[in-house]
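Could you work out the structure for the sequence below:
(one chain, ligands or ions: 1)
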Amino acid sequence: MSIFLGNYNAPKLIIGNIPTPVGSFHEMTLQIANSETTMQTIPHSDRLQEPKLITSLPGPKAQALIDRDRAVTSPSYTRDYPLVAKRGDGCLIEDVDGNIFLDMTAGIAVAATGHAHPQVVGAINEQSQQLLHMCGADFYYEPMVQLAETLAAKAPFPQSDLGSKARVLFTNSGAESLEGALKLAKYHTQRWRVIAFLGGFHGRTYGAMSLTGSKSLQCRGFGPLVPGVTHIPYGTHASLDYLEQTLFSSMLPPSDVAAIVVEPIQGEGGYLVPDDGFLPRLRDICDRHKILLIVDEVQSGMGRTGKLFAIEHWGVMPDIIAVAKGIASGLPLGAVIARSEIMTWTPGSHANTFGGNPVACAAANVTLQLLENGLMENAQERGLQLQAGLTELSSTYGCISLPRGKGLMVAVDVCDEQDNPDPATRDRLLQDAFYQGLLLLGCGRASIRFCPPLVITSEQIAISLNILTEILKKYP
Ligand SMILES: Cc1ncc(COP(=O)(O)O)c(C=O)c1O
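Prediction:
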């Protein structure tokens, strides 16, 4: 069946006319396509699915902008290749010179509903004409209440006697969600230690950076960090044996531990899926020692893995969930979602000015509807297609490992002839992909991650695999 997922020549919803989702995503997108509309197109192509390069890269306008950028922005930013984005639509990005790229990054797993999904843009337009800001920490407004109600209802927590099973604190970013989660866990338990994982990435602010165990460069020169964090290896039963049999008895009294902070699938660390039973066993350890289980779903959440929260793949109920990235399809928003019994801190103990901004919440409310009405299903199906294609590539080209991941959170390792991680070749592959119009990102030591918008079509997955195949033909 041919369905409308990309937005080229896509009708743009009239402001204020956001259709209520019906039945399935397919029905809903058809409904959008049939609604009374104004047209939004990118002039280069009709229903384009694939990259189209019309200049050498970077083109002249891109180069000029890069030169201006280099003079005035922080040198701490990491840009792998010279993409200067001007417009996004679905899974395609147009640069300032009119080149069109197929985006397998979603702006680092953020543009969940695709770039400029017409319903998200419609909701943003409508909300921005009514109220841009009023500070949810001090006042009330409906988009924030509605979003908190939805997140609370969908959180994989047990029922509670407190009226709602969850309560939500809104933030502006992933790091800030981790800060909030960490503070809440310490406040609730009145304990000071935390366990986190090597390879984990939780953000750049002090608390989040202290939890991070991904690259030493990320904490070099910034010490001292927040005390009390112990990192152990990720994802294996051997690591949990070491925690229980060695650390708990030698230097880490479990009664001092407020929380274990874990990514259900490690993101920056390499899209690593833990061993079977690892996450359930963490839950069990937490229960036995009255430790809180914080899951960092900043990258793995919001439908990316085919479920709203990746932890749901293991049937584990956490105590606190940190989200951000995909929640508002690109507007800055994050959330700390906690069991109602845990989020009992008193007025003034934690808040912020911008968290839960009404426009970002309006975007998030529509994002959640779109996820539920077909995008999570699409993530699951397209993820299987992607993994099948990468498996085939891996059998032909020795430098690519078998894929791993869930839904549209998929990675392969790039290896040398001895099967060792080969970061230099990985970096070259990322560059080559860019010059063929395919946007990819690295992760882990020598991995390539695939985290496209969840609206990606089967044709676009096939195109990405074809581009990769052509590139790999040049590699040993
Ligand atoms: C799992 C995870 N947690 C936290 C963060 C930090 O999010 P932000 O960059 O929005 O602060 C990231 C960012 O990549 C992430 O992947």
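
what are the ranges of the strands in the stretch 51-200 of the chain?
85-89, 92-95, 100-103, 166-171, 193-197 (DSSP state E, counting those that start in this stretch).

Check the stretch 201-350 of the chain too.
Going by DSSP E, counting those that start in this stretch, the stretch 201-350 of the chain shows strands at 229-232, 257-262, 292-296, 320-323, 334-339.

burial count for the residue in the stretch 101-250 of the chain that the ligand sits nearest to?
Closest residue of the stretch 101-250 of the chain to the ligand, C-beta to the nearest ligand atom: G174 (2.1 Å). C-beta here means a position set from N, CA and C on the backbone, and glycine is covered the same way. Neighbour count for G174, taken as other C-beta atoms under 10 Å: 27.

domain assignment for this protein?
Domain assignment for the chain by automatic domain parsing gives 49-114+374-473, 133-356.

May I see the strands of the stretch 51-200 of the chain arranged in CSV, with mean pLDDT, mean neighbour count and distance to the ligand as well?
Output for the strands of the stretch 51-200 of the chain, formatted as CSV (pLDDT from 0 to 100; neighbours: other C-beta atoms under 10 Å; distance: least, C-beta to the nearest ligand atom, whole Å):
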stretch, mean pLDDT, mean neighbour count, distance to the ligand
strand 85-89, 97, 18, 18
strand 92-95, 98, 24, 19
strand 100-103, 98, 25, 17
strand 166-171, 98, 25, 9
strand 193-197, 98, 25, 11
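
any chance of these in JSON lines, plus distance to S74?
Converted to JSON lines, the strands of the stretch 51-200 of the chain look like this (distance: least, C-beta to C-beta, whole Å):
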{"stretch": "strand 85-89", "distance to S74": "18"}
{"stretch": "strand 92-95", "distance to S74": "22"}
{"stretch": "strand 100-103", "distance to S74": "24"}
{"stretch": "strand 166-171", "distance to S74": "22"}
{"stretch": "strand 193-197", "distance to S74": "26"}
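
Show me which residues of the stretch 201-350 of the chain sit near the ligand.
F201, H202, G203, E263, G267, E268, D296, V298, Q299, A324 (C-beta under 6 Å from any ligand atom).

Distance check, G389 against F201.
The gap separating G389 from F201 is 27 Å, by C-beta to C-beta, to the nearest Å.

So for the two, which sits in the more crowded spot?
Between G389 and F201, F201 has the larger neighbour count (other C-beta under 10 Å), namely 26 against 18.

Isn't that one up against T212?
Yes. With contact defined as C-beta atoms under 8 Å, F201 counts as touching T212 (5.3 Å).

For these two, list the residues in contact with both.
Jointly contacting F201 and T212 under the rule C-beta atoms under 8 Å, 6 or more residues apart in numbering are Q218.

which residues of the stretch 101-250 of the chain score low on pLDDT?
Nowhere does the stretch 101-250 of the chain drop to pLDDT under 70.

now the helices for it?
106-109, 118-130, 142-154, 174-189, 206-211, 237-242, 248-250 (DSSP state H, counting those that start in this stretch).

State the pLDDT value of the residue in the stretch 351-476 of the chain that the ligand sits nearest to.
Proximity of the stretch 351-476 of the chain to the ligand (C-beta to the nearest ligand atom) peaks at C443, 9.2 Å away. Looking at C443, its pLDDT stands at 97.

Over to A10?
Confidence for A10, expressed as pLDDT, is 32.

just Y475 next, same as before
86.

List the contacts of the nearest residue to it once chain neighbours are set aside.
Distances taken as C-beta to C-beta, 6 or more residues apart in numbering place C399 nearest to Y475, at 5.4 Å, with adjacent residues excluded. Neighbouring residues of C399 by C-beta under 8 Å, 6+ apart: V414, C415, D416, D422, T425, L472, Y475, P476.

okay, now the nearest residue to the first one once chain neighbours are set aside: neighbour count?
Right, V414. Excluding its sequence neighbours, the residue lying closest to V414 (C-beta to C-beta, 6+ apart) is R426, at 3.9 Å. By the measure other C-beta under 10 Å, the count of residues near R426 is 24.

Does R426 lie in a helix or a strand, and which?
Per DSSP states H and E: R426 is located in helix 423-435.

And for that helix, what's in contact with it?
Outside helix 423-435, the residues touching it (C-beta under 8 Å, 6+ apart) are 57, 80-83, 101, 399, 414, 416, 439-442, 445-448, 467-468, 471-472, 474-475.

Pull out the buried members of those residues.
Buried members of the contacts of helix 423-435, counted by 16 or more other C-beta atoms under 10 Å: 57, 81, 83, 101, 399, 414, 439-442, 445-448, 467-468, 471-472.

any chance of the helices of the stretch 101-250 of the chain in a markdown table, with distance to V273 too?
Formatted as a markdown table, the helices of the stretch 101-250 of the chain follow (distance: least, C-beta to C-beta, whole Å):
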| stretch | distance to V273 |
| --- | --- |
| helix 106-109 | 16 |
| helix 118-130 | 29 |
| helix 142-154 | 22 |
| helix 174-189 | 20 |
| helix 206-211 | 20 |
| helix 237-242 | 14 |
| helix 248-250 | 26 |
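
closest one to R404 among these?
Nearest to R404 among the helices of the stretch 101-250 of the chain is helix 106-109 (15.9 Å), distances taken as C-beta to C-beta.

What helices and strands are in contact with the closest one?
The contact analysis (3 or more C-beta pairs under 8 Å, 6 or more residues apart in numbering; DSSP states H and E) places helix 106-109 against no helix or strand.

And the contacts of that helix?
Against helix 106-109 from outside (C-beta under 8 Å, 6+ apart): 112, 115, 267, 299, 304, 325-326, 330, 409, 441, 451-454.

let's see 7 Å
A112, Q299, R304, K325, G326, G330, L441, C451, P452, P453 (C-beta atoms under 7 Å, 6 or more residues apart in numbering).

In JSON lines, list the residues you listed along with distance to Q159.
Converted to JSON lines, those look like this (distance: C-beta to C-beta, whole Å):
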{"residue": "A112", "distance to Q159": "28"}
{"residue": "Q299", "distance to Q159": "28"}
{"residue": "R304", "distance to Q159": "26"}
{"residue": "K325", "distance to Q159": "28"}
{"residue": "G326", "distance to Q159": "27"}
{"residue": "G330", "distance to Q159": "33"}
{"residue": "L441", "distance to Q159": "39"}
{"residue": "C451", "distance to Q159": "33"}
{"residue": "P452", "distance to Q159": "36"}
{"residue": "P453", "distance to Q159": "34"}
